[in-house]
Structure formats: C-alpha cells, structure tokens
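Q: This is the structure alone, sequence omitted:
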C-alpha cells in the first residue's frame with residue numbers, strides 16, 4: 001500500500017512539473033519476470049522508471065544514491081535496493097535473481113553510472129546474465145530529458161520535459177547464437193543488442209516502440 005501511494009504521488013508530480021510522457025508502455029508483459037534496462041542520465045531516472053509502467057518495479061540502483069536520506073527513502077519506497085558498482089556484489093545479484101524468480105519486474109541501468117555527455121556508455125553484463133539464467137525478457141527503455149532537469153551536482157531540479165520510451169521485449173533464448181567472446185557464450189552479443197535497442201529509443205525510433 002505504501003508503495004502504491006508513494007508512486008501515485010510521484011507520478012502526479014512528474015506529470016505536472018515535467019510534462020512526463022510515456023510511450024510503448026504496452027510492450028511490458030503483463031505478468032511474469034521482466035528486466036527493464038534503461039539508459040542513465042540523472043538521479044531522477046530510478047524514480048522516472050519506477051513511475052513509467054503499471055507493474056511494480058524493483059530496482060538495482062548504485063549504492064551511492066542511498067547516501068542522501070531523503071532520496072534513499074524515495075528509492076526504497078519505489079522498491080530499490082543498492083548495488084556496489086565496479087565490484088562483485090553477490091548480495092545484490094542474489095536479490096535481483098530472487099525478484100525475477102518471484103515473477104516480478106526488475107529495473108537495471110546497465111551503464112552502472114550516469115552519462116555526463118548523454119551518450120551511452122559501455123554496459124555491465126548483469127542484466128544479460130540474469131536474463132540468461134531466468135529466461136526473463138529484457139525490455140529496453142529510453143529516458144530523455146532528465147539530465148536537463150537535474151544535472152550532476154545540482155541540488156534542485158530545473159524546468160523541463162521528460163520522455164520515456166519503452167521498446168519491445170528482447171528474449172535471449174530467441175536470438176541466434178553468436179561466437180563465444182566471453183564466459184557465458186552470447187553475453188557480448190546480447191549486450192550489444194540491448195544497447196542498440198536503447199539507443200534507438202533515445203533517438204525516437206518509431207519502429208522501436210510500436
């Protein structure tokens with residue numbers, strides 16, 4: 001109940017304050033495990049992603065975001081849990097695995113940290129590994145505008161507009177097997193496919209959200 005109330009309030013704020021628009025929400029499967037994979041521009045992104053779809057979303061968010069008590073409360077209210085980037089965080093991985101095995105929605109920012117230029121950065125393998133282990137589809141999401149509203153280091157948001165574009169599910173099991181380049185077989189290929197879909201959504205490809 002607390003989650004529902006918190007998300008409802010945040011949705012209203014995002015809609016009124018930043019004219020937030022969501023496209024392609026119907027691409028998210030209505031049941032079963034799902035991994036939302038999105039680009040990362042701002043501290044606002046976890047909140048925006050959590051409010052973008054109807055299903056509750058559990059988040060794997062970087063540990064540093066929980067250093068601010070107020071922001072940590074908001075993230076926790078939206079179902080987020082911390083992960084230490086750049087190192088093997090087994091606790092966070094097992095938590096993410098548990099979320100998917102329960103048939104829930106998991107939100108991940110594959111880049112691991114915010115992009116200061118707006119360009120996509122090299123992704124980590126976590127989302128792909130989880131998709132391969134659980135069979136959960138990866139649903140790509142392109143977030144646009146949050147970097148203009150809350151820049152890195154800024155304390156208060158600026159006026160602006162936010163767009164969230166949700167793409168079609170990517171099923172690891174349905175992709176053709178590529179050459180083995182990393183432990184796990186198709187990890188490199190799936191990462192490239194995932195980031196390509198996110199890139200298309202960011203640029204507003206109509207085909208990606210149909």
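A: Sure thing, it's come through. Small disclaimer: the values here were computed from a predicted structure and weren't measured. Numbers count the residues shown, from 1 in each chain.

Q: Going by C-alpha atoms from here, please, whenever you check contacts or count neighbours.
A: Will do.

Q: Mind jotting down where the helices sit in the chain?
A: In the chain, the helices defined using DSSP state H lie at 2-18, 45-52, 69-77, 90-101, 126-134, 146-149, 187-202, 206-209.

Q: Distance from the chain centre to the longest one, please.
A: If I follow you right, that is helix 2-18. Chain-centre distance of helix 2-18: 18 Å, with CA atoms, centre = their mean, to the nearest Å.

Q: and if you look at the fifth one?
A: Relative to the mean C-alpha coordinate of its chain, helix 126-134 is positioned 14 Å out (CA atoms, centre = their mean).

Q: what's around residue 118, how many residues?
A: 15 (other CA atoms under 10 Å).

Q: Would you confirm that residue 82 contacts residue 66?
A: Yes. Residue 82 lies in contact with residue 66 (CA atoms under 8 Å); the separation is 7.3 Å.

Q: okay, and for the protein, where does confidence drop off?
A: Counting by pLDDT under 70, the ranges of the chain that qualify are 1, 85-88, 175-188, 205-210.

Q: Could you rerun that using 90?
A: Across the chain, residues meeting the criterion (pLDDT under 90) sit at 1-7, 43, 46-47, 59-95, 112-119, 124-126, 150-157, 172-190, 204-210.

Q: Report the separation between the residue nearest to residue 120 when sequence neighbours are not counted and residue 149.
A: Take residue 120 and drop its neighbours on the chain: the residue closest to it by CA to CA, 6 or more residues apart in numbering is residue 39, 6.9 Å away. Using CA to CA, to the nearest Å, residue 39 is found at 16 Å from residue 149.

Q: more neighbours, those two?
A: The neighbour comparison of residue 39 against residue 149 (other CA under 10 Å) goes to residue 39, with 29 against 19.

Q: Now for the more buried one: which residues touch it?
A: Contact analysis of residue 39 by CA atoms under 8 Å, 6 or more residues apart in numbering lists 109, 110, 111, 120, 141, 142, 143, 198.

Q: Let me have those residues in TSV, extended by distance to residue 23 and neighbour count.
A: Converted to TSV, the contacts of residue 39 look like this (distance: CA to CA, whole Å; neighbours: other CA atoms under 10 Å):
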residue	distance to residue 23	neighbour count
109	19	24
110	21	24
111	22	20
120	20	19
141	10	32
142	10	24
143	11	25
198	13	26
